[in-house]
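Student: can't give you the sequence, but here's the structure:
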Ligand SMILES: Nc1nc(=O)c2c([nH]1)NC[C@@H]1CN(c3ccc(C(=O)N[C@@H](CCC(=O)O)C(=O)O)cc3)C=[N+]21
């Protein structure tokens with residue numbers, strides 16, 4: 001009699017295949033390049049992204065630099081706007097309104113986190129929803145709830161692409177999301193739900209977290225706690241997506257999983273760095289290009 005997959009898995013501790021975010025990102029960026037060239041040829045338009053950054057948080061500066069470099073790589077114009085950390089909110093909002101009205105700008109991104117005296121809802125609400133390439137405006141969040149949003153938020157969108165690109169079946173499977181932030185955990189859960197996964201959402205402080213994670217066929221961890229997920233918490237053969245980015249005291253960059261231990265249980269795992277991070281930046285490019293394409297075709301329909 002042939003063995004069930006569960007028997008085979010329990011008899012053979014596995015070493016997970018590494019899901020290479022960099023190489024998937026490179027493939028998607030090739031496609032981006034082609035779409036940018038096409039926009040230029042058909043409409044004489046090159047997509048434009050505005051990146052607004054408040055303060056000089058070193059991590060934010062690194063991410064902003066990566067985004068701007070990625071834009072340059074595929075032919076997207078990027079415009080960076082820096083504000084001092086004690087800038088008035090109204091000055092930032094005026095700039096967002098100006099960019100919202102500028103037809104050469106197709107995407108507006110406000111780098112987060114903002115200093116405490118900013119009201120995040122008001123700032124994000126000032127972004128034209130048709131240019132909200134981060135997908136953080138309430139309109140786009142609502143779209144996500146109903147299914148089929150205009151701009152899926154970049155990190156969970158990138159995770160879905162990694163899963164699809166790796167041939168992971170989603171419908172009917174158990175997905176556990178650890179971390180319920182507005183930018184990763186919540187939209188991630190909604191996207192997995194939309195694809196008919198059975199979704200549980202946990203927190204770093206969930207009691208007996210392992211009781212939930214052990215059921216996951218697909219485990220997405222975005223809690224920002226190094227070593228939160230240890231080997232025994234992971235079901236044999238699970239697909240593990242580590243969204244955490246933590247800088248240790250020794251300067252090392254690690255995710256939320258004890259990578260070596262989890263790797264011996266999982267069938268696939270994303271590394272940190274080189275997993276979800278490169279996809280986040282890439283999906284920003286995808287959203288910006290989609291926005292430019294939409295703007296071009298809308299002009300045609302109107303005339
Ligand atoms: N409005 C807004 N939109 C964002 O998309 C946004 C944000 N704010 N605030 C911060 C988070 C974080 N984020 C990352 C981008 C790139 C990597 C990335 O490229 N990581 C590399 C390594 C990074 C390194 O070496 O430091 C990797 O994982 O391989 C990670 C994280 C975007 N975010």
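Tutor: Nice, thanks for sending it over. Remember, it's a predicted structure, so these values are computed and weren't measured experimentally. Numbering: from 1, shown residues only.
Student: rest of the way, CA atoms for contacts and neighbours
Tutor: Fine.
Student: now stretch 70-86: mean pLDDT?
Tutor: For stretch 70-86, mean pLDDT rounds to 98.
Student: how about that stretch: buried residues?
Tutor: If you call a residue buried by 16 or more other C-alpha atoms under 10 Å, then stretch 70-86 has these buried ones: 70-71, 74-78, 85.
Student: and if you look at stretch 185-196?
Tutor: 185-195.
Student: Closest to residue 226 out of these?
Tutor: Nearest to residue 226 out of these is residue 185 (C-alpha to C-alpha; 16.6 Å).
Student: Stretch 74-83 near the ligand anywhere?
Tutor: No: remark: stretch 74-83 sits outside contact range of the ligand, by C-alpha under 6 Å from any ligand atom, the gap being at least 13.0 Å.
Student: What helices and strands are in contact with the strand or helix carrying residue 191?
Tutor: Here residue 191 sits within helix 185-194, counting by DSSP states H and E. Applying 3 or more C-alpha pairs under 8 Å, 6 or more residues apart in numbering; DSSP states H and E, one finds that helix 185-194 contacts helix 138-146, helix 154-165, strand 174-178, strand 198-202.
Student: List of residues touching it?
Tutor: For helix 185-194, contacts defined as C-alpha atoms under 8 Å, 6 or more residues apart in numbering pick out 141, 144-145, 147, 153, 156-157, 160, 170, 175, 177-180, 198-201, 222.
Student: what's the angle from that helix to strand 174-178?
Tutor: Orientation of helix 185-194 against strand 174-178 (axes from the mean of the first three to the mean of the last three C-alpha atoms, to 10 degrees) gives an angle of 170 degrees.
Student: SS state for residue 196?
Tutor: Recorded secondary structure, residue 196: coil (DSSP: H, G, I helix; E, B strand; the rest coil).
Student: contacting residues around it?
Tutor: By C-alpha under 8 Å, 6+ apart, residue 196 lies in contact with 170-173.
Student: For the buried residues of stretch 185-196, name the two members farthest from one another.
Tutor: Pairwise distances across those (C-alpha to C-alpha) peak at 15.6 Å, for the pair 185 and 195.
Student: before we move on, back to that, taking the contacts of helix 185-194, please make a ChimeraX selection of just the buried ones.
Tutor: Selection of the buried residues among the contacts of helix 185-194 in ChimeraX, burial being defined by 16+ other C-alpha under 10 Å:
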select :141,144,153,156,157,160,170,175,177,178,179,180,198,199,200,201,222
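Student: re earlier: so which of the buried residues of stretch 70-86 is the closest to the ligand?
Tutor: residue 70 (9.8 Å; C-alpha to the nearest ligand atom).
Student: For the closest one, list the residues it contacts.
Tutor: Residue 70 neighbours (C-alpha under 8 Å, 6+ apart): 281-282, 285.
Student: go with 10 Å
Tutor: By C-alpha atoms under 10 Å, 6 or more residues apart in numbering, the residues touching residue 70 are 29, 64, 76, 78, 278, 281-282, 284-285.
Student: quick one: which of those residues sit in helices?
Tutor: Under the assignment DSSP state H, the contacts of residue 70 contribute 29, 64, 278, 281-282, 284-285 to helices.
Student: one step back: wait, which of the buried residues of stretch 185-196 is closest to residue 209?
Tutor: Nearest to residue 209 out of the buried residues of stretch 185-196 is residue 185 (C-alpha to C-alpha; 15.5 Å).
Student: Can you tell me how far that closest one is from residue 159?
Tutor: 11 Å (C-alpha to C-alpha, to the nearest Å).
Student: any common contacting residues for those two?
Tutor: Common neighbours of residue 185 and residue 159 are listed as 220, 243 (criterion: C-alpha under 10 Å, 6+ apart).
Student: ranges for the strands of the stretch 201-303 of the chain?
Tutor: When assigned using DSSP state E, counting those that start in this stretch, the strands of the stretch 201-303 of the chain occupy the ranges 218-221, 239-242, 246-247, 253-254, 268-269.
Student: touching the ligand at all, the second one?
Tutor: No: if you take C-alpha under 6 Å from any ligand atom as the test, strand 239-242 misses the ligand, and the best it gets is 9.7 Å.
Student: in its sheet, what does that strand sit against?
Tutor: strand 218-221 (parallel), strand 268-269 (parallel) (DSSP bridges).
Student: And for residue 26, the neighbour number?
Tutor: Applying other C-alpha atoms under 10 Å, we find 14 residues neighbouring residue 26.
Student: looking at it, it is touching residue 282, isn't it?
Tutor: Yes: with contact defined as C-alpha atoms under 10 Å, residue 26 counts as touching residue 282 (8.4 Å).
Student: that older thread, want to throw the helices and strands packed on helix 185-194 into TSV with distance to residue 248?
Tutor: Formatted as TSV, the helices and strands packed on helix 185-194 follow (distance: least, C-alpha to C-alpha, whole Å):
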stretch	distance to residue 248
helix 138-146	32
helix 154-165	22
strand 174-178	20
strand 198-202	24
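Student: Thank you, goodbye.
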